[in-house]
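>>> Requesting a structural model of the entry that follows:
(2 chains)
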Protein chains: 2
Amino acid sequence: VIRCNERLEVIALPGVPLVRAGDDLTTLALPALDRARLTLSDGDIVVVTSKVVSRAAGRFVALPSVAPSPRAEELAALTGHDPRHVELILGESVAVSRAKRNVLVVRHRLGFVVANAGIDFSNAAPADAPPGSGPWALLLPEAPDATAELLRERLAAATSARIGVVISDSFGRPFRLGSVGVAIGCAGLPPLWDQRGALDLHGRTLEHTMTALADQVAACADLVAGQADEGRALVLVRGLQFSPSLDAARTLCRPADEDLYA
Amino acid sequence: VIRCNERLEVIALPGVPLVRAGDDLTTLALPALDRARLTLSDGDIVVVTSKVVSRAAGRFVALPSVAPSPRAEELAALTGHDPRHVELILGESVAVSRAKRNVLVVRHRLGFVVANAGIDFSNAAPADAPPGSGPWALLLPEAPDATAELLRERLAAATSARIGVVISDSFGRPFRLGSVGVAIGCAGLPPLWDQRGALDLHGRTLEHTMTALADQVAACADLVAGQADEGRALVLVRGLQFSPSLDAARTLCRPADEDLYA
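A predicted model of the protein is given here:
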């Protein structure tokens, strides 16, 4: 059961330092909440950008260390991408969805369809990268649903609050221009808000009955998180009411065999 | 130029009555703001669900009045939809994107790709529908960008605030389950937030540089607007800072000839 309050607050937590490999997300989040004079309470959702999770987990790859396969060279010639980029993209993917000049859309091993396997080629260097060691790439987190659950448990233990955690990224879309926030990791809140069975004002069953709750939470957070400013990598979304859920963000991915556009 | 504050508020305006054909959106919105003790100020965005706009514009169609064409009968047999539904869907569309059992995705005359041309078959009856006159369908607004601009002008004239207006709907998506709020009408704010040319922390040009601002505003609003509850059809999003824009929501639609998935 989810009910919406009439008011949501979406609050960027300021002053999070540039995250380094080995940093612990819990010990980043708790002081950030303190600085903002916020105490976690039931129904709060902590949104963390995937970039921060990847940096903390050290998901950096120095491109000079990457040896492209023949398949990567072939797709690089087609797309115009750096063959080493393509090699990393293929390593994170289970299938190519579309490839043409400047475009390489894949089905990621985590289940979603995304350009360039979500690999970041900006803001992607480790804090201690030696000069000349790059360029660097930053892969998406290894297991963002597990990371979200671990962070949720630790924040819950520290605060006794029933909270949710979303790990967010920003994806482009078929049909529509511009990127939007999506949830690639989720814990504690239902990623899909199932209203099936609810009736409309006239007693007819509602038609559009599954809301991508975690994706919309990520979209909210994206509006305040910015991108160039790593200091806004943590966002608190306050005001939703939800029953605890064990569902992961993976449940937001439409299975390939049910996808009319894959 | 858009800057995000560190805090957004997303506020449903309570007590909006069931909207009837002929109702004026401005005279719905201003008392709703008053009731919530809110005064519009610069940077506020008023989000109105497309359903309210359509109801006010009387976009109701009684299905018994619809005569399906042969093409509609054919697609009805394929999809299992009511042939009269399909006739309405085709009438609002410029192309069929995908059709199979239970699925009819089209390119809408307004430019976007959406299931069933966004036509609503729930909560779709006029307030004064005679018994037995239905079932009813509710078409999307005729020209939501123009309606958004008119509402923006009138609210700005009444309040002297530089505001934005978004007309929102809730769309399903390829690749991902669940629906999310999108902007089908937009005035006053840039629907796309163009960060091209911005540099990352290491001086490299940012890669994902176009954010679908108006879609994310619609997604925020969807979290508090609910669906079964018409009383939450108006939402105020407060805390973004944006330069006035003349761009319409139509600019969010990827042109068909650039769409790899159409």
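>>> How about the residues of the stretch 51-200 of chain A by chain B?
Along the stretch 51-200 of chain A, the residues adjacent to chain B under the rule Cβ under 8 Å from any Cβ of the partner chain are A:98, A:100, A:103, A:105, A:112-113, A:120-123, A:125, A:170, A:172-182, A:191-193, A:195, A:198-200. In this view, the C-beta of every residue, glycine as well, is placed from N, C-alpha and C.
>>> again, only this time at 6 Å
Neighbours of chain B within the stretch 51-200 of chain A, by Cβ under 6 Å from any Cβ of the partner chain: A:98, A:113, A:121-123, A:125, A:170, A:174-180, A:192, A:198, A:200.
>>> Can I have the buried ones of those as a ChimeraX selection?
The following ChimeraX line selects those of these that are buried, judged by 16 or more other Cβ atoms under 10 Å in any protein chain shown:
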select /A:98,113,121,122,123,125,170,174,175,176,177,178,179,180,192,200
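>>> Would you indicate which residues of the longest helix out of those in chain A are buried?
If you go by DSSP state H, chain A has its longest helix at helix A:144-159. By 16+ other Cβ under 10 Å, the buried positions in helix A:144-159 come out as A:144-145, A:147-149, A:151-152, A:154-156, A:159.
>>> quick one, what contacts residue A:169?
Listed by Cβ atoms under 6 Å, 6 or more residues apart in numbering or on different chains, the contact partners of residue A:169 are A:50, A:118, A:182, A:184.
>>> Next, the contact list for the first one, please.
Pointing back at residue A:50 there. A:140-141, A:167, A:169, A:184.
>>> at 7 Å instead, please
A:140-141, A:144, A:167-169, A:184 (Cβ atoms under 7 Å, 6 or more residues apart in numbering or on different chains).
>>> Now do residue A:142 against chain B, distance only.
In this view, residue A:142 and chain B are 21 Å apart by Cβ to the nearest Cβ, to the nearest Å.
>>> re the thing from before, closest one to residue A:93 out of the contacts of residue A:169, please.
residue A:118 (9.8 Å; Cβ to Cβ).
>>> Quick check, the closest one in contact with residue A:108.
Yes - when contacts are counted by Cβ atoms under 7 Å, residue A:118 is listed as touching residue A:108 (6.3 Å).
>>> More neighbours: these two, which one.
Set residue A:118 next to residue A:108 and count neighbours by other Cβ atoms under 10 Å in any protein chain shown: residue A:118 wins out with 25 against 21.
>>> Disregarding residues adjacent in the polypeptide, which is nearest to the more buried one?
Leaving out its chain neighbours, the residue that sits closest to residue A:118 by Cβ to Cβ, 6 or more residues apart in numbering or on different chains is residue A:140, at 4.4 Å.
>>> Now for that neighbour, how many residues are close by?
Neighbour tally, residue A:140, other Cβ under 10 Å: 26.
>>> OK, contacts around the residue sitting nearest the centre point of chain A?
Nearest to the mean C-alpha position of chain A, by Cα atoms, centre = their mean, lies residue A:168 at 2.5 Å. Neighbour list for residue A:168: A:47, A:49-50, A:181-183, A:218, A:221-222 [criterion: Cβ under 7 Å, 6+ apart].
>>> can you redo the residues you listed as TSV with pLDDT and secondary structure?
Converted to TSV, those look like this (pLDDT from 0 to 100; DSSP: H, G, I helix; E, B strand; the rest coil):
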residue	pLDDT	secondary structure
A:47	97	strand
A:49	94	strand
A:50	95	helix
A:181	96	strand
A:182	98	strand
A:183	98	strand
A:218	97	helix
A:221	95	helix
A:222	93	helix
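>>> related to what we said a few turns ago, and which of the contacts of residue A:50 is nearest residue A:28?
Minimum distance to residue A:28 across the contacts of residue A:50 is 13.4 Å, recorded for residue A:167 (Cβ to Cβ).
>>> what's the distance between that closest one and residue A:88?
20 Å (Cβ to Cβ, to the nearest Å).
>>> Which one's more surrounded, these two?
Comparing residue A:167 with residue A:88 by other Cβ under 10 Å, the one with more neighbours is residue A:167, at 30 against 23.
>>> In contact with the more buried one, which residues?
Applying Cβ under 7 Å, 6+ apart, the residues near residue A:167 are A:48, A:50, A:53, A:141, A:144, A:147-148, A:183-185.
>>> Kind regards, and thank you for your time.
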